[in-house]
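In: Sequence and predicted structure are below.
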Amino acid sequence: MRKNGFLAFCFAFIPGGGQMYLGMMKKGLLLMGLFSAISFAMMTLYLDFLGCLLPVIWFYSFFDTLNSRCLSPEQIREIDDNTTQFFNDLAPNFSIQWDKFGAKFHRYFGIGLILFGLYLIFRNIFHPMLRFLFERLGIDYWVLTQIVRALPSLVISIAIIALGIHLVKGGRKPEQQDFVEYKGE
């Protein structure tokens, strides 16, 4: 079934929306998630340099929708099925086994969530209290504001550096076993 060209054009203005309208749910969700994640990182973590990626994603999504509008339903299904294959082809040695990934890194993810929650509590509850206290005491509040504003970027920077060091070191090396195989006489 052919989709309405005007609606495809309207949905093309939303990154990933046009792909979803045309039936390419995986590709649309991927583009929408990528655009949203970069926007979130820019606004909350003050990583403004990521803003240069937003127009690229938007234009790709817009023109991909307009070009995909002319495809047959079989071709659209094939493209949607091959969306995840694209990333496997892009980095074949980086295929993630989600069950092992979750089992290994759930503790780090949990620690990250706890730290993020503590930061939110500090920023939304204690930060206004400290501002009031600093104003009452006549202490310059600007320094505290800059520290709180820069804290997420600092944490992300440290995490990126730690990940880079981990990748350079090569991760854990397999342990040598003292086992000698018996080959018979």
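Out: That came in fine, so what should we check first? Numbering: from 1, shown residues only.
In: Just give me the longest helix of the chain.
Out: Using DSSP state H, we find that the single longest helix of the chain is helix 142-169.
In: so what pLDDT did the residue nearest to L144 when sequence neighbours are not counted get?
Out: Excluding its sequence neighbours, the residue lying closest to L144 (CB to CB, 6 or more residues apart in numbering) is L130, at 6.2 Å. For the C-beta atoms, the positions are set from N, CA and C on the backbone; glycine is no exception. For L130, the pLDDT comes out at 81.
In: Please apply the same query to A91.
Out: 53.
In: isn't the residue nearest to L144 right next to T145, touching?
Out: No - judged on CB atoms under 8 Å, L130 makes no contact with T145 at a distance of 9.7 Å.
In: and the spatially most central residue of the chain, what pLDDT?
Out: The chain has A37 as the residue nearest its centroid, 5.2 Å off, counting by CA atoms, centre = their mean. As predicted, A37 sits at a pLDDT of 90.
In: same thing with F94?
Out: pLDDT for F94: 54.
In: ok, now Q19?
Out: For Q19, the model assigns a pLDDT of 90.
In: What's the local residue count around D64?
Out: 21 (other CB atoms under 10 Å).
In: And it, how close does it get to G33?
Out: Distance, D64 to G33, by CB to CB, to the nearest Å: 15 Å.
In: what do you get for Q146?
Out: From Q146 to G33 the distance is 31 Å (CB to CB).
In: Also I114?
Out: From I114 over to G33 (counting by CB to CB), the distance is 24 Å.
In: same question, L137
Out: The gap separating L137 from G33 is 45 Å, by CB to CB.
In: neighbour count winner among these two?
Out: Taking neighbours as other CB under 10 Å, L137 and G33 compare with G33 leading, 12 against 8.
In: my read: the more buried one touches G16, true?
Out: Yes - in this structure, G33 is within contact of G16 by CB under 8 Å, at 7.5 Å.
In: Give me the neighbour count for P73.
Out: 12.
In: just V56 next, same as before
Out: 9.
In: How confident was the prediction at it?
Out: 94.
In: Now do L163 against M43, distance only.
Out: From L163 over to M43 (counting by CB to CB), the distance is 23 Å.
In: What ranges does this structure have for its helices?
Out: Using DSSP H, helices in the chain cover 5-12, 17-22, 25-45, 53-68, 73-90, 98-121, 127-137, 142-169.
In: so which of these comes closest to E181?
Out: helix 98-121 (27.0 Å; CB to CB).
In: Now the closest one: average pLDDT?
Out: 72.
In: Ok, stretch 150-165 next?
Out: For stretch 150-165, the mean confidence score works out to 80.
In: Give me the contacts around it.
Out: Contact with stretch 150-165 is made by A41, T44, L45, Y46, L47, L115, Y119, as judged by CB atoms under 8 Å, 6 or more residues apart in numbering.
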